[in-house]
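J.: Give me the fold of what follows.
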Amino acid sequence: MTSRWKIRPIQPRDDAAVAAIIRTVMPEYGAIGDGFAINDPEVDWMQRAYSLPRSAYFVVDMDGKVVGGGGVAPLAGGDEDTCELRKMYFLKSIRGQGIGSEMLRRCLDAARSFGFRFCYLETLAGMNDAIRLYEKHGFKRIGAPRGRTGHGGCDTYYLLEL
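T.: Purely as a prediction, here's the structure:
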């Protein structure tokens, strides 16, 4: 059976679709208001934001439609050897198909290629499926935030040695 989806680097034409996905998924988990990525200005210009050095963002293209995405970038205010897994969200219709694992592998491969030694992420305690995914891939929960992500609404933090 041929897969109907593929993961590819973000293109400028994907920006509106990625912004819509982020603004659709985050409220499902109560992640609205100050302190959440939904308010990051880069949500509307993801391709440009992730064209910076040591940054990459990928989208899930299913039958020509963007249905998810995820990326890595240097951890703002963090150590130079640490990146952050950022803005990894998928529409409800594609969850549970192994796409998250494949996206996570793609992001971590990019992080390694950029020379990072650690990958950090922030999430919400209620995002149980995402937490299971992170832990399955070796992320370890840590007790406090790192860097200056601006996401004060997050309450769960993970780190992975690459």
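J.: How about the most centrally placed residue in the chain: what's its closest non-neighbour residue?
T.: Within the chain, the residue whose C-alpha comes closest to the C-alpha centroid is residue 88; the distance, by C-alpha atoms, centre = their mean, is 2.6 Å. Setting aside the residues directly before and after it, residue 88 is nearest to residue 70 in space (C-beta to C-beta, 6 or more residues apart in numbering), at 3.2 Å. The way it works is simple: take the backbone N, C-alpha and C, and place the C-beta from them, glycine included.
J.: looking at the sheet around that neighbour, what are its partners?
T.: Per DSSP bridges, the residues bridged to residue 70 are residue 58.
J.: which of the residues in the helix or strand bottoming out on mean pLDDT in the chain are buried?
T.: Of the helices and strands making up the chain, the lowest-confidence element is helix 15-28, at a mean of 87, by mean pLDDT, DSSP states H and E. Buried residues in helix 15-28, defined by neighbour count with 16 or more other C-beta atoms under 10 Å: 15, 17, 18, 19, 21, 22, 25, 26.
J.: Just give me the neighbour total for the closest residue to residue 69 other than its chain neighbours.
T.: What sits nearest to residue 69 in space, not counting adjacent residues and going by C-beta to C-beta, 6+ apart, is residue 59, at 4.5 Å. Burial of residue 59 is recorded as 25 neighbouring residues (other C-beta atoms under 10 Å).
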